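1. this one's structure only:
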């Protein structure tokens, strides 16, 4: 199991779905090289439940790249 940070992004404004999709590209290239357009095998993309991560466009793009989007469970107060 490898949970290494392969790429990151930051901005003075709130991140949007486009930022996250670019981050997916950067992470894929950092891990497998810039000529790769899809992961050679399914790779889990772990994130929180923010709207930029769960947006339909981001989820579909992750699948196109061979990533399996997985979000953290929602926090439940007792």
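-> That came through, no problem. From a predicted model like this one, the values you see are computed outputs, not experimental measurements.
2. Please report the number of neighbouring residues for residue 12.
-> Look at residue 12: counted by other C-beta atoms under 10 Å, it has 4 neighbours. Glycine gets a C-beta too; all of them are placed from N, C-alpha and C.
3. now residue 20
-> When neighbours are counted by other C-beta under 10 Å, residue 20 registers 22.
4. next one: phi and psi at the residue lying closest to residue 43 once chain neighbours are set aside?
-> Take residue 43 and drop its neighbours on the chain: the residue closest to it by C-beta to C-beta, 6 or more residues apart in numbering is residue 67, 5.4 Å away. When read as degrees, to the nearest 10, the backbone of residue 67 gives phi -90, psi 150.
5. wait, residue 67 sits on residue 46?
-> No - assessed by C-beta atoms under 8 Å, residue 67 is found out of contact with residue 46, at 9.9 Å.
6. who has more neighbours, the two?
-> Neighbours per residue (other C-beta under 10 Å) separate residue 67 from residue 46, with residue 67 holding more: 20 against 13.
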